[in-house]
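1. pasting the sequence and the predicted model now:
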Amino acid sequence: MIDRAALAHFLRTRREALQPEDVGLFRGARRRTSGLRREEVAALCHMSADYYSRLEREKGPQPSEQMVAAIAQGLHLTIDERDHLFRLAGHRPPERGAASEHVSPGMLRILDRLTDTPAEVVTELGETLRQTPHGVALVGDLTRFIGPARSIGYRWFTDPDARSIHLPEDHEFYSRMYAAGLRTIAAQRGPTSRAARYVELLLAESAEFREYWDRHEIGIRPRELKRYVHPEVGLLELTCQVLTDAETSHSLLVYTAVPGSESAEKLQLLGVLARAGTR
């Protein structure tokens, strides 16, 4: 059963504990609110301000599991706080570990501060959970996919558009890398895992995947230097730095260019595209 009073109190205390700079927002000179405003939290949670406000006033319908997960992420809750929120809302907490899609507050704080470079948070299966505006400008909104298509490795073998941002001479390496990476994860997580399900689907759907799967390659690491073909700014050569959360196996990927290079100039142009929201 939902505990409306405790849920409302918990939401208020966590909202008031967050400051605008904690979530990448600007603090105005005339700001008087202690913590974040309700409408700011609602925007972070991708829901209406009225819906969120009703929860804090102990009103409205019981929030769905999807809504609770969005609130937990928007409020930058820890994994323990997330589980507590689920129980207050009358739901069983989601899985922890590698199967979790809850991005840690620390990783979110870093992502929020990356305002001038492409970056994303991904699962071990290459499912994008969060992107910076520059990241969206570089490769498009990768959080829009659903089902197995959320995984870049799955899309690589089933959706030709997944390859359009890479040079043709790089395609074979990516095919080998994604097949080898999926083999490793499926072996680690076991036959009932999502990784094993992706293997099953790809073996049925992609002759190319079957070819690379039969090679039984392991340990093909991503290249530090990545090349992207952007439809508006052209070829970019970017260095990818990776920060991994050991508890969830989520990775924060940050893409930068050598200062003074042509790619660095193109990244600045991507910033204009990011602000314009053209992709």
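-> Here it is on my side, so go on.
2. use CA for all of it now, contacts and neighbours both
-> Noted.
3. what's the first helix or strand after the lengthiest helix in the chain?
-> Scanning the chain for the helix with the most residues, using DSSP state H, yields helix 171-189. Going down the chain from helix 171-189, the next helix or strand is helix 194-205, by DSSP states H and E.
4. elements contacting that following helix?
-> helix 152-158, helix 171-189, helix 207-214 (3 or more Cα pairs under 8 Å, 6 or more residues apart in numbering; DSSP states H and E).
5. just the angle between that helix and helix 207-214, please?
-> Using axes from the mean of the first three to the mean of the last three Cα atoms, to 10 degrees, the direction of helix 194-205 lies 120 degrees away from that of helix 207-214.
6. list the buried residues of helix 194-205.
-> Arg194, Ala195, Ala196, Tyr198, Val199, Leu202 (16 or more other Cα atoms under 10 Å).
7. make a markdown table out of those residues and add pLDDT and distance to His250.
-> Formatted as a markdown table, those follow (pLDDT from 0 to 100; distance: Cα to Cα, whole Å):
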| residue | pLDDT | distance to His250 |
| --- | --- | --- |
| Arg194 | 94 | 15 |
| Ala195 | 96 | 15 |
| Ala196 | 96 | 18 |
| Tyr198 | 98 | 18 |
| Val199 | 98 | 20 |
| Leu202 | 98 | 23 |
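8. could you export those residues as a markdown table, including distance to Pro148?
-> Output for the buried residues of helix 194-205, formatted as a markdown table (distance: Cα to Cα, whole Å):
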| residue | distance to Pro148 |
| --- | --- |
| Arg194 | 9 |
| Ala195 | 10 |
| Ala196 | 11 |
| Tyr198 | 7 |
| Val199 | 10 |
| Leu202 | 10 |
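9. relative to Ser64, which of those is nearest.
-> Nearest to Ser64 out of the buried residues of helix 194-205 is Arg194 (Cα to Cα; 22.8 Å).
10. ok, and the closest non-adjacent residue to the closest one?
-> Ala186 (8.0 Å; Cα to Cα, 6 or more residues apart in numbering).
11. count the neighbours of the one you found for me.
-> Applying other Cα atoms under 10 Å, we find 19 residues neighbouring Ala186.
12. Ala246 too?
-> Residues lying near Ala246 (other Cα under 10 Å) number 10.
13. helix or strand for it, which one?
-> Using DSSP H and E, no helix or strand contains Ala246.
14. residues contacting Gln73?
-> Cys45, His102, Val103 (Cα atoms under 8 Å, 6 or more residues apart in numbering).
15. hang on, the earlier thing: what separation do you get for the residue nearest to Arg194 and Ser193?
-> 7 Å (Cα to Cα, to the nearest Å).
16. what do you get for Pro61?
-> Note on Pro61: its distance to Ser193, by Cα to Cα, is 33 Å.
17. what about these two, which has more around it?
-> Counted by other Cα under 10 Å, Pro61 and Ser193 do not tie: Ser193 has more neighbours, with 14 against 10.
18. need the helices for the stretch 1-150 of the chain, in chain order.
-> For the stretch 1-150 of the chain, the helices defined by DSSP state H, counting those that start in this stretch cover 4-17, 38-44, 49-56, 65-74, 79-88, 105-113, 133-139.
19. and of the buried residues of helix 194-205, the nearest to Phe209?
-> Leu202 (6.4 Å).
20. what's near enough to touch that closest one?
-> Tyr154, Phe157, Thr158, Phe209, Arg210.
21. pipe these into TSV and attach neighbour count and distance to Ala180 per row.
-> Listed next are the contacts of Leu202 as TSV, based on neighbours: other Cα atoms under 10 Å; distance: Cα to Cα, whole Å:
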residue	neighbour count	distance to Ala180
Tyr154	24	13
Phe157	20	13
Thr158	16	17
Phe209	22	10
Arg210	16	12
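22. for Arg275, give me the pLDDT.
-> We have a pLDDT of 78 for Arg275.
23. no no, Gln131
-> Looking at Gln131, the pLDDT reads 96.
24. ditto for the one 3 residues further on
-> Reported pLDDT at His134 in the predicted model: 93.
25. shouldn't it be in contact with Leu114?
-> No: counting by Cα atoms under 8 Å, Leu114 is not a contact partner of His134; they are 9.0 Å apart.
26. and those two? which has more neighbours close in?
-> Taking other Cα under 10 Å, His134 and Leu114 do not tie; His134 has more neighbours (28 against 17).
27. so, low pLDDT: which residues of the chain?
-> 28-29, 31, 33, 277-279 (pLDDT under 70).
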